[in-house]
Structure formats: structure tokens, C-alpha cells
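Student: Sequence plus the predicted model coming up.
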Protein chains: 2
Amino acid sequence: MNVTIIDVAKKAGVSPSTVSRVISGSTRISAATTKKVKIVMEDLGYHPNLMAKNLVSRTTMTIGLLLPRNADEAFLDIFFSEVTRGILSKATRAGYDLLLKTGKSEQEELEAVTRLVKGRRVDGIILLQSRLDDTVIRYLQQESFPFVLIGRDRERPDILTVDNDNVQAAYDVTRHLLELGHRRIGYASGPLELVVSADRHEGYRRALEEAGIEPQPGWFVSTELVRADSTSAVRALMDRPDRPTALVVMDDLLAFSLLNSLSELGYSVPEDMAVFGFNDNPMSPVSSPPISSVDIGVYHLGLEAAGLLLRSVKGEQPEQRRVIVPHRLIPRESSQPIKVT
Amino acid sequence: MNVTIIDVAKKAGVSPSTVSRVISGSTRISAATTKKVKIVMEDLGYHPNLMAKNLVSRTTMTIGLLLPRNADEAFLDIFFSEVTRGILSKATRAGYDLLLKTGKSEQEELEAVTRLVKGRRVDGIILLQSRLDDTVIRYLQQESFPFVLIGRDRERPDILTVDNDNVQAAYDVTRHLLELGHRRIGYASGPLELVVSADRHEGYRRALEEAGIEPQPGWFVSTELVRADSTSAVRALMDRPDRPTALVVMDDLLAFSLLNSLSELGYSVPEDMAVFGFNDNPMSPVSSPPISSVDIGVYHLGLEAAGLLLRSVKGEQPEQRRVIVPHRLIPRESSQPIKVT
DNA sequence: CTGAAAGCGCTTACAG
DNA sequence: CTGAAAGCGCTTACAG
């Protein structure tokens, strides 16, 4: 059997309550007693049973991270590793553990979260995406369970979130391409149900319109089409008489697909098509050509999210409910001034 | 207050024991009672408190993964993401959760593991490295706590491990370079205290000696030197009259450093130096030149480790205590036949 | 097939 | 400053 608080109490000649108080560092315990108990704990190699502790104190010193993917797909995208790294870093420093959960559908996610909440397995939860009318978020809100969303929820501006200013970032990228002389600028989108896709599209649209350019529907490429058949999608785009000379691409991984297809069809980047991606994948600087991208500070998104959550868990009122992590444009060879043709 | 097993029992007109049995799917419960209780659970939105359950059943349905890094450095190397992906995939399918722990020194690791074990926070632990006379492993063994090591422990062949045949893999790589006509083949090592470094060096040495070549100490580059000043290390290597024409490099990340320094010093790969790495980093195929590497199946290492651990946790005797994950050489442009000079 | 009772290992008012 | 007692929400022999 493992050594319990009772064993320590007996050997130290005090009550279990006293031992408990020594462990929790409670005041109002004499220095002599504290010392005596600590020696006995050391002697016996005592470590508290955290399950028992959690049960009665209703706190776990653990935060849960919900990965909105199938278990074998989580961490395929470096976004997940980087955000986990940020969360882990902050949580560890604060003495919290990290529990990983996955869910490949809204239903699965809701189930996972319900088990975490009702099972009292964690003190708070970090979410990595929000859908329109997200049932997971609704559930957490209704249970008043501490959580932070990395991203933005359009319908509930009051929840705790950490996000980039994605509208501004896409605006900046589009402006950058405009300044390079491009006029026909296309947009390659991520999944349409995600707010981040809508936000970046919005920034793109705004920059073009400010420049007096009407974004053409034919300049829009969806990730679904690319995933199904990247080459066909690219061919359809390039066969247009008004084909774009530059593309704003929502994710570098998507940009890699597009580059492959462009090259397959005999086009070269940046000569025939300038490309500017997002999320600054580690492969972007070493790809040929190196891909221009936006560093969105994924590690910092995780760090800030964990910080915000921990404050919320401790019942502190955070000074701001929406944290914005700054972005940074990194132009590389894939986005060059337009050729004079 | 949350709804407990007692609330369910009252409303269903049975005892808490019976509700407990229904939850655990115990036999010897009448179909009628089972149905009645299940309806009430649904009605009340009952979910068991896992802390209470864990406390009495002494099982957590959670496995711990110990990342031998500082929290903010874990997941910087894709090896960690990939192995986590494998573990998560297997664990999730088996209904287990994953708890992440970090430790930047042996002392920290031991502390983290002690807390997990004594605190009864997890049912088993996965380790990602072993040192000589590893105190963490010794502790787990002495506590008879279920654990699996990804890697190999020279002193304790009896523990559960999942590993590549690293001696063979390095042997294969060296043979490959020999067949390309190289005779003076160097070796760039990882941290010397790791078994994997020693194993790969052993395979390299063996292949050379079989070919009647004496590996020169001057052909050996250590990761510590490279990390301190990659360019000096490479210059020292290249200034030798008997400088190597090919390098076996223990990790693609190390290979990237070496490539940079070689290029800085005006040498080109593979013309002046063939390079063959390990671990098949996602950047290796897209780097210029694409780097030859060994795919060691990191995802499968994680998958197998979790599988082995889960069997051990359930008290099953695994048919084999050492699982070997196969490796695969992927020659790319960085390793070409030797130039006839 | 089902229930009463004891117990898992802690914490926390309450009382002194 | 310290202790006795109750309780956190479950499970599991034991008995019938």
C-alpha cells in the first residue's frame, strides 16, 4: 500500500488535518510542527494522492486542450504543435498539467468536452476553432465553465478569446501586392465555415475595393476544390482571360499545393503568379521559391490563451476579454513586383 | 451542485450500488433495472465524477507522456509532434486520455514522474529517451509502474521498449554511400549520452570496417561543436587533407546546419560533400538540394509504444518486450555518386 | 439480481 | 495553533 496522510500523521504524532495544513502551506501552523511533519513526509517518501485531493478540493491543476481533428491528424499541421508548445510553456510555469483531447466532429467534440466538464477532469479548456452557432461554446458558456477560444466567435463577443487581427493581416498582404503593381489579385480560401477564413477574405476584399478594384468571383479558389483536384482548380483559374497575377493564400500548406499544380501546368512563381501565404510554415523559407508569408505568432497565441485561461480559472477578472496577437509580413521570393508585360 | 449517483439512485428507486453497476456494465443486473436507470441518467444529464471514480478504482484511463525538454522547447522538433500523434491516435481509440509532462533535466523528469506515479494521475508512462544509468527508469522499475521506453536501454534489456534498429539503419546508410563510391565517410553525431547516437555510430563504424576502411577521428563531428559554431566545425573538417567526401548525419536538423555552413564556406552539396541524414524531416525533400534521409517511422514508434503500454497496463503479458519499427532509406539529391577527380 | 456498509485519501468548517 | 468529524462521489466485497 502507498503511504497516506494518516501514516504521516501517526508517525509525526499529529492529526491528519495538521498534515494536510502543512502540505497546503496553511498559515497558523507552528514552525516546530511544520518542520516535524516535513521530516516525516520526507522519511516516508510521502506524496499526496492527487485523485483524492482533486475530489475534495474540486480543482485539478490541469487544463484541457481540445484539438478539432481526428487523433491521427492532430499535429500534422504545425499550427497545432506550435500552439501546444505555447500552452504547455505557460501552463508548466504556472504548475498546471496539460490534457490532450481530440474530436473529429462537432458531436465528438461536444462529448469530449462534456466528459471533461462533468467528470471534473480539468479546471479549464482551450478551444482552437469556432463554428457558426458552435454547440461546444454554447455548452461551456451555459455551464459557466472557464474556457478560452483561440480565434473569434462572431455571435458571442463576450467570451474570452485570443486571436490575430486577421482582417487587418489580409488587408496588409493585399496592400503589399497592390504596391508591387498587381491589380488582378486572387484569393485562395480555407474552409468557409471557419471565422478565420471569412476574416481574411474580408481584409482582402476591403483592400481591393479601396484601390478601386472589384474582386472577381473567378479569382476565388476554395480549399475544398484544391483538395479534391488541385490541378483542375488551378487550370480553371489560369485559363481565365482576366486571370490573376497574384494570389493571397490562406495557409502556406495550401500554397504548397498550388505551387505544385502551377509548376505542373508549366507556370512559374513568381513570374507568372505571385503568391503570399499565411502562418509562416517552417518549410516556406526553404521551399523553391521561398514563399512569402505572414507570421501570426502561433506560439504566442498559445501562450496568451493559457495565460488568459489561468487567470479565469483563478477567478480573476482579466483586464481584457479579447487579446490580439500581432502579425508580421515576411515577403520572400514568391511575391515579386509584377512583370511589365 | 452537480448531479451524483445518489440523485440518480433516488429518482430511479434503486440503490447507488445498482446505479454504479449499470454504469460499469456489470452483468447480473436485470434488463428492466438497467433500462430504468439509464433513462433517469439521461433525464438528469448524469455524468460520473471521474475523480471519485479514479480514487476508488485506482485507475485513470490516462497515460502520461514525458517530454525530455523544457516546456517551450518540446514540439520544436517534429519528432515530438509525430510521436505524440502516434500515441494520441492509439490512446484515443482505446478510450485513454493523454497527459503531457515536461522535464528539462533528469532531476526534473524524476520529480514529474514521481508526482504522476504517487499521485496516481496516470495508469502508465511513455518515455522518449534513456540515459546511462537512468534514474527515471530505475524509479519506475522499482515501483513496478507500467511504462514503455521509445528507444533502448543498454543496462536493462528486460524493460518494454519500442525502437528502430539504429545500428542496422546507420549500417545501411553507410553501405549506400560506399556503393556510391565514397571511401572517406564522416559521421556527424547527436548528443553522446544518448543510446541512439551510440547505436548509429556503431552501425557506421561496422560498415566502414567491413569495407576495410579505418574511420578517422578527424571525420567525426559532434553536435555540440556544431551547435556552438557550425562554421568552425565544418571548416576544421574540410581543411583536413583527408577530408571526407560524404557524411552520415544523425538528424536532418543537424544536416541543415551543416549544409548552411558548407554553403557559407563555398562548398556545394552533393558535389563537394554528399550528405545523408536521419528522421526524414518534412523540410528535407523541399530543401535545396533535397536531403537524403532515413524514414524511421516516428508515428509508428508512438503508435506501437502506446499499444505496448496499454497491454501492460491491462496486465497482459506482451508477446514481445522489444518492438522494432522498420526504417527505410530515402536517397535524394544530397547523396550522389562520388565525382571522379 | 440488489442493497447496506465500509472505504478510497484527502480537505475543511467547527470548536476549542 | 490543533483535532474530531463530516464529507467529496464513487466502487466493491459481503450478505441475502
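Tutor: Nice, thanks for sending it over.
Student: Quick check: residues of the stretch 51-200 of chain A near chain B?
Tutor: When proximity is defined as Cβ under 8 Å from any Cβ of the partner chain, the stretch 51-200 of chain A approaches chain B at A:51-52, A:54-55, A:60, A:62, A:71-76, A:78, A:80-82, A:84-86, A:88-89, A:91-93, A:97-102, A:114-115, A:118-121. Placement of C-beta: from N, CA and C, glycine included.
Student: which ones among the residues you listed are found in strands?
Tutor: Those of these mapping onto strands are A:62, A:97-102, per DSSP state E.
Student: Where helices are concerned, which of the residues of the stretch 51-200 of chain A next to chain B count?
Tutor: A:51-52, A:54-55, A:78, A:80-82, A:84-86, A:88-89, A:91-93, A:114-115, A:118 (DSSP state H).
Student: Just list the residues touching A:V22, thanks.
Tutor: For A:V22, the contacting residues are A:29, A:33-34, A:37-38, A:41, by Cβ atoms under 8 Å, 6 or more residues apart in numbering or on different chains.
Student: Which one among these sits at the bottom for pLDDT?
Tutor: Lowest pLDDT among these: A:I29, with 76.
Student: Correct me if wrong: that one contacts A:V19.
Tutor: No. The criterion here is Cβ atoms under 8 Å, and A:I29 misses it with A:V19 at 10.0 Å.
Student: ok, and what's touching stretch A:36-47?
Tutor: Against stretch A:36-47 from outside (Cβ under 8 Å, 6+ apart): A:3-5, A:7-8, A:11-14, A:18-19, A:22-23, B:114-115, B:118-119.
Student: could you pick out which of those residues are near DNA strand C?
Tutor: A:4-5, A:19, A:23 (Cβ under 7 Å from any atom of the strand).
Student: Where does pLDDT dip in chain A?
Tutor: The model of chain A has pLDDT under 70 over residues A:1, A:27, A:340-341.
Student: List, one by one, the residues from it near DNA strand D.
Tutor: Near DNA strand D, when you scan chain A using Cβ under 7 Å from any atom of the strand, you find A:13-18, A:21, A:27-30, A:32-33, A:52, A:55-56.
Student: from those, which ones fall inside strands?
Tutor: Among the residues of chain A next to DNA strand D, no member falls in strands (DSSP E).
Student: Of the ones next to DNA strand C among the contacts of stretch A:36-47 - the most surrounded one?
Tutor: A:V19 (27 neighbours; other Cβ atoms under 10 Å in any protein chain shown).
Student: From the residues of the stretch 51-200 of chain A next to chain B, keep the buried residues only.
Tutor: A:51-52, A:54-55, A:60, A:62, A:71-76, A:78, A:80-82, A:84-86, A:88-89, A:91-92, A:97-102, A:114-115, A:118-121 (16 or more other Cβ atoms under 10 Å in any protein chain shown).
Student: thinking again about what came up before, okay, the contacts of A:V22 in JSON lines with neighbour count and distance to B:R200 next?
Tutor: Converted to JSON lines, the contacts of A:V22 look like this (neighbours: other Cβ atoms under 10 Å in any protein chain shown; distance: Cβ to Cβ, whole Å):
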{"residue": "A:I29", "neighbour count": "16", "distance to B:R200": "55"}
{"residue": "A:T33", "neighbour count": "16", "distance to B:R200": "56"}
{"residue": "A:T34", "neighbour count": "15", "distance to B:R200": "52"}
{"residue": "A:V37", "neighbour count": "24", "distance to B:R200": "50"}
{"residue": "A:K38", "neighbour count": "16", "distance to B:R200": "46"}
{"residue": "A:M41", "neighbour count": "21", "distance to B:R200": "44"}
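Student: so which of those comes closest to B:R206?
Tutor: Nearest to B:R206, judged by Cβ to Cβ, of the contacts of A:V22 is A:M41 at 51.2 Å.
Student: For the stretch 1-150 of chain A, which residues are neighbours of DNA strand C?
Tutor: Residues of the stretch 1-150 of chain A lying near DNA strand C (Cβ under 7 Å from any atom of the strand): A:1-2, A:4-6, A:16-17, A:19-21, A:23-24, A:46, A:48-49, A:52-53, A:55-57.
Student: hmm, back to that, in helices only, show me the contacts of A:V22.
Tutor: Per DSSP H, helices hold the following members of those: A:33-34, A:37-38, A:41.
Student: ok, so of these, who is nearest DNA strand D?
Tutor: A:T33 (3.6 Å; Cβ to the nearest atom of the strand).
Student: wouldn't that closest one be in contact with A:T18 here?
Tutor: Yes. With contact defined as Cβ under 8 Å, A:T33 counts as touching A:T18 (6.4 Å).
Student: Excluding residues flanking it in the chain, which one is nearest A:V37?
Tutor: In space, A:V37 comes closest to A:V22 once its chain neighbours are excluded; the distance is 4.4 Å by Cβ to Cβ, 6 or more residues apart in numbering or on different chains.
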